[in-house]
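Undergrad: when you get a sec, could you give me coordinates for this:
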Amino acid sequence: MIYAIWLINRSGTPILSRTYKGFNVDPVLFSGLITAILGFAREISGQEISEISMGNFKLLVHTYIESPILVLAVSSEEDKTKYIDFVEDIRRRIIRRYGLFEEPNINAIPVIIRDLDSIVSQYGFVIAGEEAVTDILLDENAQKLLLHLILNKGLRILPKIELTGDLIISYPELKSIVPINPSELKFLLETLTKNGYLIRETYASILQCPLCKTSHVITVATCPHCGSSSIVKKIFIEHFRCGYIGPKTLFTSSKAEKLVCPSCKRELEVADFREFESFYCEHCNSIVNEPAYKIFCLKCNKYFNLNETNIFTISSYSLNEKAREFIEKKILKQLIRPVPKQKISKFHERFMHFKKLSELRSRVKPFKKTSKKKILL
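TA: Take a look at the predicted model:
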């Protein structure tokens, strides 16, 4: 259960305060108290405080370099690890998006509060003094996305991978369906997956540098003997008579059609040798059957072993068919809204009017034309 959310700058001034029903605290006094406690703890122990217990609730404190202090007031029995992703989303979608490193313009506060409450809603957290936050299926973008999957049975939402500066993952299939930015779309897909409405599958696994966490890496073939990256592919010849093996370029001949072994100086006959392709280290002049592969980061300019790199997983999504019936009922209930009474009454009046007309027409006997007969005088 969440009681309140605060953003405080390092000097102790409140940047943003969102307190929920039944939890009224002066943001100025609170901000000063928190920064004083953090400063005191840092001076005494040299460490930052991450949690403060206060009776029925506790304060989860998150401090970042060159970022405001983020404080959550939550129920004392809750595990703080459940708020890790939530905090990261606040940093990304609130602090960075709106540049909340100082007090925002007063006109922007309602929009920021709305987006903050939206994040709380999407995580399904219970707000103090209120009922559980709205179901994700009530979200308009979620309804559009799920309806698209319901109407296109068996559709799999595939990602598009781009590496232009940063790694960008987008889902072109949903661009016109859900017109929101890639990070918000990814959050929506993950939220629907956590709630069991979508199924996530691994589409690709991309290597990342363990230092800078970027995907600006390449695979480099190296020599297993000397470690050099001067590896090339060459055509080799093995001379069966003397056992010499070397690059084909060394088997020179005075006659254009004949090859001569550089070791025993004999001309090679068809049955005397074989040609094969293999890797060759130009540094130590070794034939390499299987190179050793290393990962090189173009940004850090460093080599890493394959097992030292990070793996970034890119996912595809599809509808959970087990939840199809439940989703259809839930979404249709939201889409089909009751007709207002005024419209019903007008419709009823017109219906009754046409009903009376039809009754009158049924009572009046149709006029039959009499046939005209000619009379002869």
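
Undergrad: list the contacts of stretch 201-216.
TA: Contacts of stretch 201-216 with the rest of the structure, by C-beta atoms under 8 Å, 6 or more residues apart in numbering, involve 156, 158-159, 161, 163, 166-167, 217, 295, 297-300, 302, 304, 306, 308-318. C-beta here means a position set from N, CA and C on the backbone, and glycine is covered the same way.

Undergrad: how does it look with 10 Å?
TA: 156-159, 161, 163, 165-167, 169, 217-219, 295-300, 302, 304, 306, 308-318 (C-beta atoms under 10 Å, 6 or more residues apart in numbering).

Undergrad: next: stretch 233-250.
TA: If you take C-beta under 10 Å, 6+ apart as the criterion, stretch 233-250 is touched by 221, 232, 251, 259-266, 268-269, 271-280, 282, 285, 287-288.

Undergrad: can you select the buried ones from those in PyMOL?
TA: Only the buried entries of the contacts of stretch 233-250 go into this PyMOL selection, using 16 or more other C-beta atoms under 10 Å:
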select buried, resi 221+251+259+260+261+268+272+273+279+280+288
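
Undergrad: in helices, which of the contacts of stretch 233-250 fall?
TA: Using DSSP state H, the subset of these located in helices is empty.

Undergrad: show me the contacts of stretch 233-250 that map onto strands.
TA: Ala221, Val232, Phe273, Arg274, Glu275, Phe276, Glu277, Ser278, Phe279, Tyr280, Ile287, Val288 (DSSP state E).

Undergrad: out of those, what pair is the most spread apart?
TA: Greatest spatial distance among those (C-beta to C-beta): Ala221 and Phe273, at 26.9 Å.

Undergrad: report the beta-bridge partners for Asn310.
TA: Counting by DSSP bridges, Asn310 is bridged to Gln208.

Undergrad: next, the contact list for it, please.
TA: Each residue near Asn310 by C-beta under 10 Å, 6+ apart is listed here: Ile206, Leu207, Gln208, Cys209, Pro210, Leu211, Lys213, Thr214, Ser215, Val217, Phe304.

Undergrad: over to Ile112?
TA: When contacts are counted by C-beta under 10 Å, 6+ apart, Ile112 is found next to Leu7, Ile15, Leu16, Arg18, Ile94, Ile95, Arg97, Tyr98, Leu100, Pro104, Asn105.

Undergrad: just confirm it is within a strand.
TA: No - counting by DSSP: H, G, I helix; E, B strand; the rest coil, Ile112 is located in no strand; its state is helix.

Undergrad: any idea of the pLDDT on it?
TA: We have a pLDDT of 83 for Ile112.

Undergrad: check the one 5 residues further on too.
TA: Among the per-residue scores, Asp117 shows a pLDDT of 80.

Undergrad: does it really touch Tyr123, like I thought?
TA: No - taking C-beta atoms under 10 Å as the definition, Asp117 is not a contact partner of Tyr123, at 11.0 Å.

Undergrad: and Ile237, bridged to which residues?
TA: Gly246, Glu275.

Undergrad: ok, now how distant is it from Cys261?
TA: Using C-beta to C-beta, to the nearest Å, Ile237 is found at 8 Å from Cys261.

Undergrad: same check on Pro159?
TA: 55 Å.

Undergrad: got it, and Leu70?
TA: Using C-beta to C-beta, we find Leu70 at a distance of 75 Å from Cys261.

Undergrad: now swap in Phe30 and tell me
TA: Noted for Phe30: a distance of 88 Å to Cys261, by C-beta to C-beta.

Undergrad: again, but for Tyr293
TA: 34 Å.

Undergrad: next: Arg18.
TA: Distance from Arg18 to Cys261, by C-beta to C-beta: 84 Å.

Undergrad: chain neighbours aside, what residue packs nearest to Lys258?
TA: Glu267 (5.0 Å; C-beta to C-beta, 6 or more residues apart in numbering).

Undergrad: report the beta-bridge partners for that neighbour.
TA: Counting by DSSP bridges, Glu267 is bridged to Val260.

Undergrad: surely it meets Thr252?
TA: No - using C-beta under 10 Å as the test, Glu267 is too far from Thr252 to be in contact (11.1 Å).

Undergrad: the more surrounded of the two?
TA: Glu267 (14 against 11; other C-beta atoms under 10 Å).

Undergrad: give me the pLDDT for the more buried one.
TA: Value listed for Glu267 in the pLDDT field: 84.

Undergrad: do Pro262 as well
TA: pLDDT, Pro262: 88.

Undergrad: nearest residue to it other than its sequence neighbours?
TA: In space, and not counting its chain neighbours, Pro262 is closest to Leu250: 4.8 Å by C-beta to C-beta, 6+ apart.

Undergrad: again with Cys297
TA: Cys209 (4.0 Å).

Undergrad: and for that neighbour, the neighbour number?
TA: There are 21 residues near Cys209, going by other C-beta under 10 Å.

Undergrad: with Leu198 instead?
TA: Using other C-beta under 10 Å, Leu198 is surrounded by 23 other residues.

Undergrad: verify the stated contact: it with Leu155.
TA: No - Leu198 is beyond contact range of Leu155, at 11.4 Å (criterion: C-beta under 10 Å).

Undergrad: can you list residues touching both of those two?
TA: Going by C-beta under 10 Å, 6+ apart, residues that sit against Leu198 and also against Leu155 are Leu149, Tyr317, Ser318, Leu319.

Undergrad: and those, which of them are in strands?
TA: In this view, the shared contacts of Leu198 and Leu155 that belong to strands under DSSP E are Tyr317, Ser318, Leu319.

Undergrad: please give me every residue in contact with the second one.
TA: Contacts of Ser318 were listed using C-beta under 10 Å, 6+ apart, and they are Leu149, Gly154, Leu155, Arg156, Ile157, Leu158, Leu198, Ile199, Arg200, Glu201.
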